[in-house]
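In: no FASTA, just this:
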Ligand SMILES: N[C@H](CCC[C@H](N)C(=O)O)C(=O)O
C-alpha cells in the first residue's frame, strides 16, 4: 500500500523571558518564511498563537546564527533583548557551549550563560538624534515633550520617562500617544521608570508595534542608560518590570542584560492555517 506523506506544517517554539513572549521559527538551511502577514496571523492571540515578538533563526556566515525580529502588528523590530536571551539559551543547549554569537540588525551580539540565567551584551547605546531616530536635531537627554523624556537607541528607538509612581501611569494611553508622536519618524518604544535607589528601578513599558508587555529587554537597557546619564542611578541596577527582575550593567563594552528564560512548548502551525494566509 502506498503511504502518503502527511502534509508538513511549520515547527515553532514558544518561549518567554519574564513574560515577554515569543514564537521562534528556525529557518537555518532554508529560506526565511516570515512576512508581515504571517507575523500578524501567528501573532493574533485569538486566531493564531499569540506573541509579543516573533524571532526567526537563520544560518549565518559571520556568527553562530542570524536572528530577525517581528512585532505582532507585522512590523520589524531591530532589537529584542529578551528574545535574544531565549534563543541564546536554545543554541547554547544545542551546542553545549556557554557562549553564543548572534547577528541581529544592529550587529553581532554576544550572549553567555550566567548560572541558570542568560546574559547578553546589547551593545552601545545610540545617542545621535538622527540615529535613534528622531525627526529633528533636539537634545536627546531632554526631548521637547511633556514629561521631559530621554531618547536612547538600542537598535530600536526608546523614549524613557522618569515618573514618581510607575503604578499610577496610564501606560496604554500615554505610551500609545508617544509611540506615534511626530518626533519619532519610525515610532518608538516607551518606558516609564521609577527610580527607587541608586541601584534599583521599577519600569513599565509600552512597546512599538505590540503595546503593553510584561518586560522589554532593550527598553530595560535604554532605561539604565537614561537613568545613569541623568545621574539618577549607578550604571549597574536591578530592574523590576511587570514580569519579574532583570539585572542591567552598562559597561565599557556595552549594556549587559541578565535574566531568566523559559521554554513553554514546541508545536507546529498546520498547513490549513498556513494555506489560509
Ligand atoms: N521585547 C523586546 C523589544 C521589542 C521592541 C519592539 N517592540 C520594537 O519595535 O522595537 C526586547 O526584549 O527588547
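Out: In hand now; what should we look at? Nothing here was measured: the structure is a model prediction, and the numbers come from that model.

In: got the contact list for the closest residue to residue 270 other than its chain neighbours?
Out: When the adjacent residues along the chain are set aside, residue 270 lies closest to residue 9, with 4.8 Å between them (Cβ to Cβ, 6 or more residues apart in numbering). The way it works is simple: take the backbone N, C-alpha and C, and place the C-beta from them, glycine included. Residues in contact with residue 9, defined by Cβ atoms under 8 Å, 6 or more residues apart in numbering, are 268, 269, 270, 271, 273, 274.

In: What of residue 232?
Out: Listed by Cβ under 8 Å, 6+ apart, the contact partners of residue 232 are 162, 195, 198.

In: The first one contacts residue 231, correct?
Out: No. Under the contact definition of Cβ atoms under 8 Å, residue 162 does not touch residue 231, with a separation of 11.5 Å.

In: Neighbour count: the two, which is higher?
Out: Between residue 162 and residue 231, residue 162 has the larger neighbour count (other Cβ atoms under 10 Å), namely 20 against 8.

In: can you count the residues close to the residue lying closest to the more buried one once chain neighbours are set aside?
Out: Counting by Cβ to Cβ, 6+ apart, residue 162 lies nearest to residue 193, which is 5.5 Å off, once chain neighbours are set aside. Taking other Cβ under 10 Å as the criterion, the count of residues near residue 193 is 28.

In: Make 31 the starting number, not 1.
Out: In the new numbering, first residue 31, that becomes residue 223.

In: quick one: residue 223 and residue 193 touch, right?
Out: Yes. Here residue 223 reaches residue 193: they are 6.9 Å apart, a contact under Cβ under 8 Å.

In: So which elements touch the helix or strand residue 249 falls within?
Out: Counting by DSSP states H and E, the secondary-structure element that holds residue 249 is helix 247-259. Other helices and strands packing on helix 247-259, by 3 or more Cβ pairs under 8 Å, 6 or more residues apart in numbering; DSSP states H and E, are helix 111-125, strand 180-183, strand 187-192, strand 219-227, strand 230-237, strand 266-271, strand 274-281, strand 284-289.

In: Return the residues in contact with residue 206.
Out: Neighbour list for residue 206: 236, 241 [criterion: Cβ under 8 Å, 6+ apart].

In: what kind of secondary structure is it in?
Out: Assigned state for residue 206: helix (three-state reduction, DSSP: H, G, I helix; E, B strand; the rest coil).

In: I'd guessed residue 94 sits against residue 125; true?
Out: Yes. The pair residue 94 / residue 125 is scored as a contact, 7.4 Å apart, by Cβ under 8 Å.

In: who's more crowded, those two?
Out: Remark: of residue 94 and residue 125, residue 94 carries more neighbours, 22 against 11, as counted by other Cβ under 10 Å.

In: Let me see the contact set for that one.
Out: For residue 94, the contacting residues are 121, 125, 130, 131, 132, taking Cβ under 8 Å, 6+ apart as the criterion.
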